[in-house]
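Kindly return the folded structure for what I paste below:
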Amino acid sequence: MAIAPAAAPSSAVTAARQTETRTPPRYAWSPALKAEMAEMYERVRHVITPMEWPHYAPLIKSINELKKERNAVVLAHNYMTPEIFHCVADFRGDSLQLANEAARTDAEVIVQAGVHFMAETSKLLSPDKMVLIPDMRAGCSLAASITPEDVRMLREAYPGAPIVTYVNTSAAVKAECDITCTSSNAVKVVESLNAPRVICIPDQYLAKWVQSQTKVEVITWKGACEVHERFTGAELSRMRDDEPGLKIIAHPECPPDVIAVADFTGSTAKMINWVKDKRPPKVMLVTECSMASNVAVEVPDVDFIRPCNLCPHMKRISLEGIYESLVHLKHEVTVDPDVVDRARRAVERMVNLTN
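Take a look at the predicted model:
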(Lines give C-alpha, C1' and ligand atoms only; values in the text may rest on other atoms or scores of the structure.)
Protein backbone atom coordinates (compact mmCIF):
# COMPACT_ATOMS: atom_id res chain seq x y z
CA MET A 1 0.00 0.00 0.00
CA ALA A 2 1.52 3.31 -1.06
CA ILE A 3 0.94 6.62 0.71
CA ALA A 4 1.65 9.76 -1.30
CA PRO A 5 3.16 12.91 0.17
CA ALA A 6 0.53 15.54 0.94
CA ALA A 7 2.66 18.23 -0.68
CA ALA A 8 6.11 18.74 -2.10
CA PRO A 9 8.25 19.42 0.98
CA SER A 10 11.09 21.89 1.05
CA SER A 11 14.67 20.63 1.10
CA ALA A 12 16.08 19.62 4.46
CA VAL A 13 19.42 21.06 3.47
CA THR A 14 20.19 24.63 4.44
CA ALA A 15 20.93 26.65 1.30
CA ALA A 16 24.44 27.99 1.56
CA ARG A 17 26.82 29.08 -1.17
CA GLN A 18 30.53 28.65 -0.83
CA THR A 19 32.65 31.62 -1.65
CA GLU A 20 34.04 31.63 -5.16
CA THR A 21 37.47 32.58 -3.80
CA ARG A 22 39.56 29.45 -3.42
CA THR A 23 42.61 28.98 -1.23
CA PRO A 24 45.46 27.77 -3.45
CA PRO A 25 46.81 24.30 -2.59
CA ARG A 26 50.06 24.18 -0.68
CA TYR A 27 51.88 22.53 -3.53
CA ALA A 28 52.24 23.11 -7.24
CA TRP A 29 52.66 20.51 -9.96
CA SER A 30 56.33 19.82 -10.57
CA PRO A 31 58.59 16.97 -11.66
CA ALA A 32 59.35 16.29 -7.99
CA LEU A 33 55.65 16.07 -7.07
CA LYS A 34 55.00 13.88 -10.11
CA ALA A 35 57.68 11.46 -8.96
CA GLU A 36 56.49 11.51 -5.35
CA MET A 37 52.93 10.63 -6.29
CA ALA A 38 53.69 8.26 -9.15
CA GLU A 39 52.76 5.16 -7.13
CA MET A 40 49.36 6.59 -6.21
CA TYR A 41 48.68 7.59 -9.81
CA GLU A 42 49.62 4.16 -11.10
CA ARG A 43 46.72 2.69 -9.10
CA VAL A 44 44.11 5.08 -10.55
CA ARG A 45 45.55 5.85 -13.97
CA HIS A 46 42.87 3.97 -15.92
CA VAL A 47 40.10 6.07 -14.31
CA ILE A 48 41.94 9.43 -13.99
CA THR A 49 43.49 10.81 -17.18
CA PRO A 50 47.06 12.18 -17.42
CA MET A 51 45.51 15.58 -18.20
CA GLU A 52 43.58 15.60 -14.90
CA TRP A 53 46.34 14.36 -12.61
CA PRO A 54 48.49 17.56 -12.58
CA HIS A 55 45.42 19.41 -11.26
CA TYR A 56 44.46 16.78 -8.68
CA ALA A 57 47.88 15.84 -7.32
CA PRO A 58 48.71 19.15 -5.52
CA LEU A 59 45.28 19.13 -3.87
CA ILE A 60 45.59 15.49 -2.84
CA LYS A 61 48.98 16.03 -1.22
CA SER A 62 47.73 19.21 0.51
CA ILE A 63 44.58 17.46 1.84
CA ASN A 64 46.47 14.44 3.15
CA GLU A 65 48.91 16.74 4.93
CA LEU A 66 46.11 18.83 6.43
CA LYS A 67 44.31 15.75 7.71
CA LYS A 68 47.30 14.94 9.92
CA GLU A 69 47.52 18.51 11.21
CA ARG A 70 43.80 18.68 12.01
CA ASN A 71 43.54 15.10 13.32
CA ALA A 72 40.85 14.68 10.69
CA VAL A 73 39.47 11.84 8.60
CA VAL A 74 37.58 11.86 5.33
CA LEU A 75 34.58 9.54 5.03
CA ALA A 76 33.86 8.92 1.34
CA HIS A 77 30.69 7.37 -0.02
CA ASN A 78 30.90 4.95 -2.95
CA TYR A 79 29.47 7.65 -5.22
CA MET A 80 32.43 9.97 -4.81
CA THR A 81 34.71 10.45 -7.81
CA PRO A 82 37.93 8.37 -7.89
CA GLU A 83 40.32 11.19 -6.99
CA ILE A 84 38.39 11.57 -3.71
CA PHE A 85 37.50 7.93 -3.09
CA HIS A 86 40.93 6.43 -3.73
CA CYS A 87 43.29 9.32 -3.00
CA VAL A 88 42.12 11.23 0.10
CA ALA A 89 39.49 9.04 1.81
CA ASP A 90 40.37 7.32 5.08
CA PHE A 91 37.15 5.29 5.13
CA ARG A 92 35.12 4.29 2.10
CA GLY A 93 31.82 2.54 1.61
CA ASP A 94 28.05 2.73 1.74
CA SER A 95 25.95 4.55 4.32
CA LEU A 96 26.15 1.76 6.89
CA GLN A 97 29.92 1.42 6.67
CA LEU A 98 30.38 5.18 7.01
CA ALA A 99 27.99 5.35 9.98
CA ASN A 100 30.00 2.66 11.73
CA GLU A 101 33.31 4.34 11.01
CA ALA A 102 32.00 7.69 12.23
CA ALA A 103 31.20 6.06 15.56
CA ARG A 104 34.58 4.33 15.86
CA THR A 105 37.08 6.91 14.69
CA ASP A 106 39.27 8.72 17.22
CA ALA A 107 39.72 11.73 14.93
CA GLU A 108 38.63 15.13 16.21
CA VAL A 109 37.31 16.24 12.81
CA ILE A 110 35.21 14.30 10.32
CA VAL A 111 34.91 15.53 6.75
CA GLN A 112 31.90 13.92 5.10
CA ALA A 113 32.50 13.34 1.41
CA GLY A 114 28.86 12.59 0.77
CA VAL A 115 25.53 14.33 1.22
CA HIS A 116 23.99 16.21 4.11
CA PHE A 117 22.03 13.40 5.77
CA MET A 118 25.27 11.39 5.99
CA ALA A 119 26.99 14.25 7.78
CA GLU A 120 24.05 14.51 10.18
CA THR A 121 24.29 10.78 10.86
CA SER A 122 28.00 11.11 11.59
CA LYS A 123 27.24 13.94 14.02
CA LEU A 124 24.56 11.87 15.76
CA LEU A 125 27.05 9.06 16.34
CA SER A 126 29.98 11.36 17.14
CA PRO A 127 28.44 14.30 19.04
CA ASP A 128 31.80 15.43 20.46
CA LYS A 129 33.51 15.60 17.08
CA MET A 130 33.45 18.42 14.57
CA VAL A 131 31.64 17.20 11.45
CA LEU A 132 32.21 19.15 8.23
CA ILE A 133 30.65 18.93 4.80
CA PRO A 134 32.45 20.63 1.91
CA ASP A 135 29.23 21.94 0.35
CA MET A 136 26.01 22.51 2.32
CA ARG A 137 24.01 22.24 -0.92
CA ALA A 138 24.79 18.53 -1.19
CA GLY A 139 21.28 17.33 -0.45
CA CYS A 140 19.22 14.30 -1.44
CA SER A 141 15.94 13.88 -3.30
CA LEU A 142 14.90 11.13 -0.88
CA ALA A 143 15.61 13.24 2.17
CA ALA A 144 13.59 16.04 0.61
CA SER A 145 10.60 13.77 -0.09
CA ILE A 146 9.34 13.46 3.49
CA THR A 147 8.99 15.70 6.56
CA PRO A 148 8.54 15.03 10.29
CA GLU A 149 4.89 16.09 9.89
CA ASP A 150 4.44 13.40 7.24
CA VAL A 151 5.81 10.76 9.62
CA ARG A 152 3.44 11.84 12.38
CA MET A 153 0.57 11.57 9.90
CA LEU A 154 1.62 8.01 9.11
CA ARG A 155 1.62 7.10 12.80
CA GLU A 156 -1.95 8.34 13.09
CA ALA A 157 -3.01 6.47 9.96
CA TYR A 158 -1.40 3.18 11.04
CA PRO A 159 -1.42 3.04 14.86
CA GLY A 160 0.91 0.44 16.28
CA ALA A 161 2.90 -0.09 13.06
CA PRO A 162 6.62 0.54 13.63
CA ILE A 163 8.28 2.99 11.27
CA VAL A 164 11.59 2.16 9.61
CA THR A 165 13.32 5.04 7.89
CA TYR A 166 16.04 4.68 5.31
CA VAL A 167 19.14 6.58 6.43
CA ASN A 168 18.54 8.89 3.46
CA THR A 169 16.45 11.22 5.62
CA SER A 170 17.02 14.25 7.80
CA ALA A 171 17.75 13.91 11.51
CA ALA A 172 14.35 15.51 12.19
CA VAL A 173 12.64 12.68 10.28
CA LYS A 174 14.77 10.03 11.97
CA ALA A 175 13.68 11.41 15.32
CA GLU A 176 10.06 10.52 14.49
CA CYS A 177 10.90 6.92 13.55
CA ASP A 178 11.62 3.75 15.49
CA ILE A 179 14.77 2.62 13.69
CA THR A 180 16.82 3.42 10.61
CA CYS A 181 18.02 1.07 7.88
CA THR A 182 20.27 1.03 4.85
CA SER A 183 19.79 -0.85 1.61
CA SER A 184 22.19 -3.52 2.91
CA ASN A 185 20.25 -4.30 6.09
CA ALA A 186 16.68 -3.18 5.32
CA VAL A 187 15.18 -6.68 5.29
CA LYS A 188 16.96 -7.61 8.52
CA VAL A 189 15.76 -4.42 10.22
CA VAL A 190 12.14 -4.90 9.11
CA GLU A 191 12.05 -8.50 10.33
CA SER A 192 13.78 -7.64 13.62
CA LEU A 193 10.72 -5.65 14.71
CA ASN A 194 8.56 -8.81 14.92
CA ALA A 195 5.54 -6.90 13.66
CA PRO A 196 3.01 -8.11 11.06
CA ARG A 197 3.01 -4.70 9.37
CA VAL A 198 5.83 -2.15 9.07
CA ILE A 199 5.98 1.30 7.52
CA CYS A 200 9.13 1.67 5.41
CA ILE A 201 10.00 5.22 4.31
CA PRO A 202 10.77 7.16 2.17
CA ASP A 203 11.99 5.16 -0.87
CA GLN A 204 9.05 3.39 -2.52
CA TYR A 205 11.28 1.15 -4.63
CA LEU A 206 13.47 -0.01 -1.76
CA ALA A 207 10.30 -0.72 0.24
CA LYS A 208 8.83 -2.73 -2.65
CA TRP A 209 12.04 -4.71 -2.93
CA VAL A 210 11.98 -5.39 0.83
CA GLN A 211 8.37 -6.57 0.44
CA SER A 212 9.55 -9.09 -2.16
CA GLN A 213 12.04 -10.49 0.36
CA THR A 214 9.81 -10.85 3.43
CA LYS A 215 6.35 -11.95 4.56
CA VAL A 216 5.95 -8.77 6.63
CA GLU A 217 3.42 -6.34 5.14
CA VAL A 218 5.34 -3.25 4.07
CA ILE A 219 3.60 0.12 3.78
CA THR A 220 5.47 2.48 1.47
CA TRP A 221 5.88 6.20 0.82
CA LYS A 222 6.21 7.66 -2.68
CA GLY A 223 9.75 8.95 -2.40
CA ALA A 224 12.43 8.03 -4.94
CA CYS A 225 16.09 8.60 -5.72
CA GLU A 226 16.36 10.89 -8.73
CA VAL A 227 19.33 8.87 -10.01
CA HIS A 228 17.95 5.35 -9.70
CA GLU A 229 14.41 6.10 -10.84
CA ARG A 230 15.71 7.26 -14.25
CA PHE A 231 16.71 3.73 -15.22
CA THR A 232 14.17 1.54 -17.02
CA GLY A 233 13.93 -2.18 -17.65
CA ALA A 234 13.47 -1.61 -21.40
CA GLU A 235 16.66 0.47 -21.56
CA LEU A 236 18.66 -2.23 -19.81
CA SER A 237 17.21 -4.99 -21.97
CA ARG A 238 18.35 -3.09 -25.07
CA MET A 239 21.84 -2.71 -23.62
CA ARG A 240 21.98 -6.43 -22.88
CA ASP A 241 21.01 -7.14 -26.50
CA ASP A 242 23.80 -4.82 -27.68
CA GLU A 243 26.38 -6.31 -25.31
CA PRO A 244 26.24 -10.14 -25.35
CA GLY A 245 27.33 -11.66 -22.05
CA LEU A 246 26.62 -8.46 -20.09
CA LYS A 247 25.77 -8.95 -16.40
CA ILE A 248 23.43 -6.32 -14.95
CA ILE A 249 23.69 -5.53 -11.23
CA ALA A 250 21.00 -3.27 -9.78
CA HIS A 251 20.54 -1.27 -6.62
CA PRO A 252 17.22 -1.86 -4.78
CA GLU A 253 16.37 1.85 -5.14
CA CYS A 254 15.70 1.07 -8.82
CA PRO A 255 12.13 0.56 -10.12
CA PRO A 256 10.74 -3.00 -10.16
CA ASP A 257 11.06 -3.36 -13.96
CA VAL A 258 14.81 -2.73 -13.62
CA ILE A 259 15.19 -5.25 -10.81
CA ALA A 260 13.22 -7.78 -12.89
CA VAL A 261 15.85 -7.80 -15.65
CA ALA A 262 18.89 -7.63 -13.35
CA ASP A 263 21.14 -10.60 -12.69
CA PHE A 264 21.65 -9.48 -9.09
CA THR A 265 20.13 -6.84 -6.80
CA GLY A 266 21.84 -5.52 -3.68
CA SER A 267 23.22 -2.57 -1.77
CA THR A 268 26.28 -0.72 -3.03
CA ALA A 269 28.52 -2.88 -0.82
CA LYS A 270 26.86 -6.09 -2.02
CA MET A 271 27.09 -4.97 -5.64
CA ILE A 272 30.81 -4.36 -5.23
CA ASN A 273 31.37 -7.71 -3.53
CA TRP A 274 29.40 -9.49 -6.26
CA VAL A 275 31.65 -8.05 -8.95
CA LYS A 276 34.81 -8.87 -6.99
CA ASP A 277 33.68 -12.43 -6.35
CA LYS A 278 32.18 -13.26 -9.76
CA ARG A 279 34.64 -11.28 -11.93
CA PRO A 280 32.26 -11.14 -14.92
CA PRO A 281 33.99 -10.17 -18.18
CA LYS A 282 31.42 -7.43 -18.75
CA VAL A 283 29.16 -5.77 -16.16
CA MET A 284 26.82 -2.84 -15.71
CA LEU A 285 26.27 -1.34 -12.26
CA VAL A 286 22.79 0.19 -12.29
CA THR A 287 23.48 2.95 -9.80
CA GLU A 288 25.36 6.27 -9.60
CA CYS A 289 28.02 6.46 -12.30
CA SER A 290 31.11 7.11 -10.19
CA MET A 291 30.79 3.81 -8.36
CA ALA A 292 31.77 1.94 -11.53
CA SER A 293 34.98 4.00 -11.76
CA ASN A 294 35.81 3.26 -8.13
CA VAL A 295 35.23 -0.47 -8.46
CA ALA A 296 37.18 -0.53 -11.73
CA VAL A 297 40.32 0.45 -9.82
CA GLU A 298 40.08 -2.78 -7.81
CA VAL A 299 39.02 -5.08 -10.65
CA PRO A 300 40.83 -3.79 -13.77
CA ASP A 301 40.14 -7.07 -15.57
CA VAL A 302 36.38 -6.36 -15.66
CA ASP A 303 34.88 -4.30 -18.48
CA PHE A 304 32.34 -1.82 -17.09
CA ILE A 305 29.51 -0.73 -19.38
CA ARG A 306 28.35 2.56 -17.91
CA PRO A 307 24.87 4.04 -18.33
CA CYS A 308 26.24 6.93 -16.26
CA ASN A 309 23.46 8.63 -14.33
CA LEU A 310 25.17 11.16 -12.06
CA CYS A 311 23.91 12.39 -8.70
CA PRO A 312 24.02 16.21 -8.88
CA HIS A 313 24.22 16.41 -5.08
CA MET A 314 27.13 14.01 -4.66
CA LYS A 315 28.95 15.82 -7.43
CA ARG A 316 28.96 19.03 -5.40
CA ILE A 317 31.73 17.44 -3.33
CA SER A 318 35.14 18.08 -4.89
CA LEU A 319 38.80 18.00 -3.92
CA GLU A 320 38.75 21.79 -3.85
CA GLY A 321 35.81 21.74 -1.46
CA ILE A 322 37.43 19.18 0.84
CA TYR A 323 40.62 21.25 0.92
CA GLU A 324 38.70 24.45 1.72
CA SER A 325 36.77 22.59 4.40
CA LEU A 326 39.97 21.51 6.14
CA VAL A 327 41.74 24.85 5.76
CA HIS A 328 38.88 26.90 7.18
CA LEU A 329 37.01 24.19 9.15
CA LYS A 330 33.82 24.76 7.18
CA HIS A 331 30.94 23.98 6.83
CA GLU A 332 30.14 22.53 10.26
CA VAL A 333 27.07 20.31 10.48
CA THR A 334 25.01 20.36 13.66
CA VAL A 335 21.76 18.72 14.69
CA ASP A 336 18.81 20.44 16.36
CA PRO A 337 19.02 19.72 20.13
CA ASP A 338 15.26 19.09 20.16
CA VAL A 339 15.66 16.03 17.92
CA VAL A 340 19.20 14.81 18.53
CA ASP A 341 18.51 12.20 21.24
CA ARG A 342 15.57 10.61 19.45
CA ALA A 343 17.34 10.62 16.09
CA ARG A 344 20.49 9.11 17.61
CA ARG A 345 18.45 6.38 19.23
CA ALA A 346 16.94 5.38 15.87
CA VAL A 347 20.39 5.19 14.25
CA GLU A 348 22.02 3.38 17.18
CA ARG A 349 19.31 0.72 17.13
CA MET A 350 20.27 -0.05 13.55
CA VAL A 351 24.01 0.01 14.24
CA ASN A 352 23.64 -2.26 17.29
CA LEU A 353 21.44 -4.68 15.37
CA THR A 354 23.92 -4.87 12.51
CA ASN A 355 26.95 -5.21 14.75
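
for the stretch 1-150 of the chain, what spans make up the helices?
Assigned helices in the stretch 1-150 of the chain, in chain order: 31-36, 38-44, 53-70, 82-85, 95-104, 116-125, 148-157 (criterion: DSSP state H, counting those that start in this stretch).

Now residue 210. Nearest residue, chain neighbours left out?
Leaving aside its sequence neighbours, residue 210 sits nearest to residue 186 (Cβ to Cβ, 6 or more residues apart in numbering; 5.0 Å). Backbone N, C-alpha and C define where each C-beta goes, glycine included.

One more: residue 285?
Nearest non-adjacent residue to residue 285, counting by Cβ to Cβ, 6+ apart: residue 292, 4.9 Å away.

State the helix or strand in which the one you found lies.
Following DSSP states H and E, the helix or strand that holds residue 292 is helix 289-298.

so what are the domain limits for the chain?
31-138+314-328, 142-225, 228-304 (automatic domain parsing).

Any idea which of these gets closest to residue 342?
Nearest to residue 342, of all the domains of the chain, is domain 142-225, at 3.8 Å by Cβ to Cβ.

residues near the residue nearest to residue 210, how many?
Residues contacting residue 186 under the criterion other Cβ atoms under 10 Å number 26.

What values do phi and psi take at it?
The phi/psi pair for residue 186 (degrees, to the nearest 10) reads phi -60, psi -40.

got it, and the one 5 residues further on?
In this entry, residue 191 is assigned phi and psi values of phi -70, psi -20 (degrees, to the nearest 10).

Hmm, it is touching residue 214, no?
Yes: at 5.8 Å, residue 191 counts as touching residue 214 under the criterion of Cβ atoms under 8 Å.

quick one, strands of this structure?
In the chain, the segments counted as strands under DSSP state E are 2-3, 72-77, 91-93, 109-113, 130-132, 163-166, 179-181, 197-201, 217-221, 247-250, 264-265, 282-286, 303-304.

Format the ones you listed as TSV; extra columns: mean pLDDT, distance to residue 46 and mean neighbour count.
Listed next are these as TSV, based on pLDDT from 0 to 100; distance: least, Cβ to Cβ, whole Å; neighbours: other Cβ atoms under 10 Å:
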stretch	mean pLDDT	distance to residue 46	mean neighbour count
strand 2-3	44	43	14
strand 72-77	97	19	25
strand 91-93	94	18	19
strand 109-113	97	22	28
strand 130-132	96	31	23
strand 163-166	97	33	26
strand 179-181	96	35	26
strand 197-201	98	39	24
strand 217-221	97	40	20
strand 247-250	96	20	23
strand 264-265	97	24	19
strand 282-286	96	16	23
strand 303-304	94	11	16
